[in-house]
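Sequence plus predicted model, see below.
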Amino acid sequence: MKLLLIFTIISLCAVPAAACEFTAPAVPESGAMYMPQETESFQSALWEMFCDAVSHMQPELSEVASVCLSVLIVILLVSFISQIPGGNHTTVNLIAAVSISLILLRNTHSLIHLGVYTIEELSEYGKLLLPIMTSALAAQGYITSSTSLYTGTAIFNTLLCALISTLLIPLIYLYLSSSIAACMIDDGTLDNLSKLMKTVIVWSLRTILYIFTGYIGITGVVSGSTDAAALKAAKLSISGFVPVVGGILADASEAVLVGASVIKNTAGIYGILAIIAVFIGPFIKIGTHYLLLKFTGAISGIAGTKKLSDLIDHFSNAMGLLLAMTGSVCLLLLISTVCYIKGVG
Amino acid sequence: MEEIKQFFISITACAILSTIFAGLFHKNSSMHTLIKMICGMLMIVTLVRPVTNIQLMEMTVLPRHISEQAQMAISSGEEYRIDSLASIIKEEAETYILDKAQALQCILDVEVIVEKDDPPFPAEVYIRGNLSYEEKCSLQDLIARELHIAKENQIWIH
């Protein structure tokens, strides 16, 4: 009972001193509007963020709706003109493809920029959060785990961001250009090329995430057991000390471990909420475009030609790919932060 | 990465241009077949060319830089752990000495110096106060036995 009392007092003394050492970095400006005021309850904070994001969706929704309506009007006009006997269907289809592409490209371009910006923000935030989580985990005695977690996450984060910004984003543009060209020229080769682009993007993201989760799983088990053995050895050596000093040292190290764990969890939960806050706005924006374009593609399939419907579908696929890219970076950071909170990967 | 981007741009440009050129001629004409053949050869050259320019050495620089950052973060965590342990040990050791002095009816001013090793341990103590010779000897023995601070490291200030 006395020991418990001493331990509690030491823990309470240790926490405030440490709190100033490892605090999660402040949420970036882009996510600040979605960051909940209270972050003590994780569920209610998530719900608050979701409600905030949905309430900000209204202007976005009307903008996408107007774009989709314009596309549908073009499709209806094309289908009406196609009914006129003796008309040049190839020219009409060509003009329709150009018009639809022009309508959709402006929004697509700005959304791709938004996606790239979000990825950069997430990556930068991760670079600030990871060292703090690593230090907090190292303070708990998990030296090997924290090294492997930091190294793995930083390498995969850098690799994924570099891959997205230098290769996958240009591939989205190439995917769109080959889809537009395929729709205009009516050629199977270009269709296959755009399918190849999509496969490359999806395969790259999937492979990186698979390798990352595999790495986290394997190194978690290996380094976790190494750290557990090291901690046990340290405890044994402490208990072998002179009675009073050994007792003080054992109580103090327990208190420091508990204190570091509390701080690490607080920083981790704040970090997770900050990552979601940065991601949720663009996710809803791009997601709305993706869904409404899919819907428009389905409707235009009834009224217009298959080629034009496919073109709209390709634009919605591009949005889906962009969503997958931002989602991958977000998921990578979330998995890593959760591993830090858990203690062992 | 820049090379891969250029590679995909070349392939797409090659495919689009090939399709446009081939589309200019009638499908069954000999010119169409010739254009298709030339475009096919161009595509093979585009596909094979980047393989000769791959530089794998650049990729080894990245992990070294990251492992240095990891070491920095870990040493800051360890430093924090040792600092926290040292401050708790200092506080606890001082309280322990004061408690023992109070049991001997003495009022002292104690400062314990902790060696910031892993794990940290009390290395020196500065004691201020008026004690009789017996009380001092008794407290000196107790500190040396229980806190492992050698007598020569116990500095008594009267």
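Happy to help now that I have it. Residues are numbered from 1 along each chain as shown, chains lettered A, B, ... in the order given.

Now stretch A:331-343: buried residues?
A:Leu331, A:Leu332, A:Leu333, A:Leu334, A:Ile335, A:Ser336, A:Thr337, A:Cys339, A:Tyr340, A:Ile341, A:Gly343 (16 or more other Cβ atoms under 10 Å in any protein chain shown). To be clear about C-beta, it is placed using only N, CA and C from the backbone, and glycine gets the same treatment.

by contact count, what packs against the helix or strand containing the fourth one?
In this case it means A:Leu334. Taking DSSP states H and E as the criterion, A:Leu334 maps to helix A:306-342. Judged by 3 or more Cβ pairs under 8 Å, 6 or more residues apart in numbering or on different chains; DSSP states H and E, helix A:306-342 is in contact with helix A:58-82, helix A:89-139, helix A:143-163, helix A:169-185, helix A:188-239, helix A:243-303.

And the average pLDDT for stretch A:190-199 is what?
If you average the pLDDT over stretch A:190-199, you get 84.

Does chain B have contacts with that stretch?
Yes - Stretch A:190-199 lies within reach of chain B by Cβ under 8 Å from any Cβ of the partner chain, at A:Leu190, A:Leu193, A:Met197.

contacting residues around that stretch?
With contacts defined as Cβ atoms under 8 Å, 6 or more residues apart in numbering or on different chains, stretch A:190-199 is touched by A:171-172, A:174-175, A:178-179, A:181-182, A:314, A:317, A:321, B:8, B:11-12, B:15-16, B:19.

switch to 7 Å and redo it
By Cβ atoms under 7 Å, 6 or more residues apart in numbering or on different chains, the list of residues contacting stretch A:190-199 from outside reads A:171, A:174-175, A:178-179, A:181-182, A:314, A:317, A:321, B:12, B:15-16, B:19.

Can you list the low-confidence ranges for the stretch 151-300 of chain A?
A:186-187, A:238-243 (pLDDT under 70).

can you count the residues close to residue 114?
All of this is about chain A. Here the count is done by other Cβ atoms under 10 Å in any protein chain shown, and A:Leu114 has 17 residues near it.

try chain B instead
The number of residues packed near B:Val114 is 20, by other Cβ under 10 Å.

so it makes contact with B:Glu92?
No - if you go by Cβ atoms under 7 Å, B:Val114 and B:Glu92 don't touch, sitting 10.2 Å apart.

Pick out the residue in chain B sitting closest to chain A.
Among the residues of chain B, B:Gly77 lies nearest to chain A; the distance is 2.9 Å by Cβ to the nearest Cβ.

can you pull the pLDDT of that residue?
pLDDT, B:Gly77: 88.

Now residue 157: closest residue in space that isn't a chain neighbour?
Let's take chain A. For A:Asn157, ignoring the flanking residues on the chain, the nearest one in space by Cβ to Cβ, 6 or more residues apart in numbering or on different chains is A:Gly126 at 5.4 Å.

wrong chain, I was asking about chain B
Computed as Cβ to Cβ, 6+ apart, the closest residue to B:Ile157 that is not its neighbour in sequence is B:Arg128, at 4.7 Å.

quick one, what contacts the residue of chain A found nearest chain B?
Residue nearest to chain B within chain A (Cβ to the nearest Cβ): A:Ala138, separated by 2.9 Å. The contact partners of A:Ala138, by Cβ under 7 Å, 6+ apart, come to A:Ser146, B:Ala73, B:Ile74, B:Gly77, B:Glu78.

Surely A:Thr288 and A:Ser62 touch.
No - the pair A:Thr288 / A:Ser62 is not scored as a contact, 10.5 Å apart, by Cβ under 7 Å.

The two: which is more packed in?
Taking other Cβ under 10 Å, A:Thr288 and A:Ser62 do not tie; A:Thr288 has more neighbours (18 against 10).

ranges for the helices of chain B?
If DSSP state H is used as the criterion, the helices of chain B fall at B:2-23, B:30-48, B:61-103, B:133-146.

would you turn the ones you listed into TSV with distance to A:Gly281 and mean neighbour count?
TSV is the format used below for the helices of chain B (distance: least, Cβ to Cβ, whole Å; neighbours: other Cβ atoms under 10 Å in any protein chain shown):
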stretch	distance to A:Gly281	mean neighbour count
helix B:2-23	28	17
helix B:30-48	40	13
helix B:61-103	29	18
helix B:133-146	60	15
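
Indicate which one of those helices is closest to A:Ile248.
Checking those against A:Ile248 by Cβ to Cβ gives helix B:61-103 as the closest, at 4.5 Å.

tell me the angle of that closest one relative to helix A:143-163?
Angle, helix B:61-103 to helix A:143-163, by axes from the mean of the first three to the mean of the last three Cα atoms, to 10 degrees: 150 degrees.

Which strands and helices lie in contact with helix B:61-103?
Helix B:61-103 sits against helix A:2-19, helix A:89-139, helix A:143-163, helix A:243-303, strand B:109-115, strand B:121-128, helix B:133-146, with contacts defined as 3 or more Cβ pairs under 7 Å, 6 or more residues apart in numbering or on different chains; DSSP states H and E.

need those in JSON lines with distance to A:Leu205, can you?
Formatted as JSON lines, the helices and strands packed on helix B:61-103 follow (distance: least, Cβ to Cβ, whole Å):
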{"stretch": "helix A:2-19", "distance to A:Leu205": "37"}
{"stretch": "helix A:89-139", "distance to A:Leu205": "12"}
{"stretch": "helix A:143-163", "distance to A:Leu205": "8"}
{"stretch": "helix A:243-303", "distance to A:Leu205": "15"}
{"stretch": "strand B:109-115", "distance to A:Leu205": "51"}
{"stretch": "strand B:121-128", "distance to A:Leu205": "52"}
{"stretch": "helix B:133-146", "distance to A:Leu205": "61"}
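
Out of those, which gets nearest to A:Met33?
helix A:243-303 (7.6 Å).

For the closest one, name the packing helices and strands.
Looks like helix A:243-303 contacts helix A:2-19, helix A:29-32, helix A:42-55, helix A:58-82, helix A:89-139, helix A:188-239, helix A:306-342, helix B:61-103 (3+ Cβ pairs under 7 Å, 6+ apart).

related to what we said a few turns ago, most surrounded residue in the residues of stretch A:190-199 next to chain B?
A:Met197 (27 neighbours).

contacting residues for the nearest residue to B:Ser10 once chain neighbours are set aside?
Nearest residue to B:Ser10, sequence neighbours excluded (Cβ to Cβ, 6+ apart): B:Thr46, at 4.7 Å. By Cβ under 7 Å, 6+ apart, B:Thr46 lies in contact with B:Ser10, B:Ile11, B:Cys14.

What's the separation between the first one and A:Thr189?
Distance, B:Ser10 to A:Thr189, using Cβ to Cβ, to the nearest Å: 15 Å.

How about the spatially most central residue of chain B: what's its closest non-neighbour residue?
In chain B, the C-alpha nearest the mean C-alpha coordinate belongs to B:Ala70, at 2.5 Å (Cα atoms, centre = their mean). Spatial nearest neighbour of B:Ala70, chain neighbours left out: A:Tyr150 (4.2 Å); criterion: Cβ to Cβ, 6+ apart.

Based on its surroundings, how many neighbours for the one you found?
Neighbour tally, A:Tyr150, other Cβ under 10 Å: 27.

quick one on the thing from earlier: and A:Ala154, which of the helices of chain B is closest to it?
helix B:61-103 (4.5 Å).

The closest one: how far from the chain's middle?
Relative to its parent chain, helix B:61-103 has a centroid offset of 16 Å by Cα atoms, centre = their mean, to the nearest Å.

Could you do stretch A:141-148 as well?
On Cα atoms, centre = their mean, the centre of stretch A:141-148 falls 24 Å from that of its chain.

can you dump the C-alpha coordinates of it into CSV?
Coordinates of each C-alpha in stretch A:141-148 appear next as CSV, following Å, rounded to 0.1, in the frame of the first residue of the first chain:
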residue,chain,number,x,y,z
GLY,A,141,13.0,1.7,-23.0
TYR,A,142,11.9,0.4,-26.4
ILE,A,143,15.1,1.4,-28.2
THR,A,144,15.2,-1.2,-30.9
SER,A,145,11.5,-0.9,-31.7
SER,A,146,11.6,2.9,-31.9
THR,A,147,14.7,2.7,-34.2
SER,A,148,13.0,0.2,-36.6
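
Please consider this matter closed, and thank you.
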